[in-house]
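# Take a look and give me a structure for this.
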Amino acid sequence: MGKGKKSLILWRRKLVKELLKNQEMINAYVIQRKCGKSGCKCQKEKGYMHNPAWCFHYKEKGEIKAEYIPSKYANKIKQQVEQYNNYKRIGKEICEINKKLLKMDIKKVST
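Just a heads-up that it's a prediction; the model follows:
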């Protein structure tokens, strides 16, 4: 096994271990919502919010759903969303490594 191939395999192994750190991930996003009262100051003045409501959006059976959440859960859910983003990033990197390894194997067989 060539040095390049060995280092790619080791890097892939490290990335797979990183995936295990994302066990609480969720595929969603979190936003702050205004109160919704048409005459309220938070609707009229840009940037003003009183008691903002936190909401997370996700897909279920092809439809986008929204759930209001208590403020105390907003940071936890944000962390879970970040874990999902890490999972996607790491997965893409693993796929790139696998493509490189496949190309190396094909090149070795054809020469």
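# Quickly find the element holding the residue lying closest to Gly91 once chain neighbours are set aside.
Leaving aside its chain neighbours, Gly91 sits nearest to Leu19 (7.6 Å; criterion: C-beta to C-beta, 6 or more residues apart in numbering). No exception for glycine: its C-beta is placed from N, CA and C like everyone else's. Element membership for Leu19, per DSSP states H and E: helix 3-19.
# so for that helix, what's the average pLDDT?
For helix 3-19, the mean per-residue pLDDT is 93.
# Show me the residue at the heart of this structure, geometrically.
The centre of the chain sits closest to Asn85, judged by C-alpha atoms, centre = their mean, with a distance of 1.8 Å.
# Just name the shakiest helix or strand of this protein by mean pLDDT.
For the chain, the helix or strand with the lowest mean confidence is helix 41-44, at a mean of 76 (criterion: mean pLDDT, DSSP states H and E).
# Which elements pack onto the helix or strand following that one?
Where DSSP H and E defines the elements, the next helix or strand beyond helix 41-44 is strand 53-60. Counting contacts by 3 or more C-beta pairs under 8 Å, 6 or more residues apart in numbering; DSSP states H and E, strand 53-60 is packed against strand 28-33, strand 63-69, helix 71-110.
# Since that was my last question, I'll sign off now.
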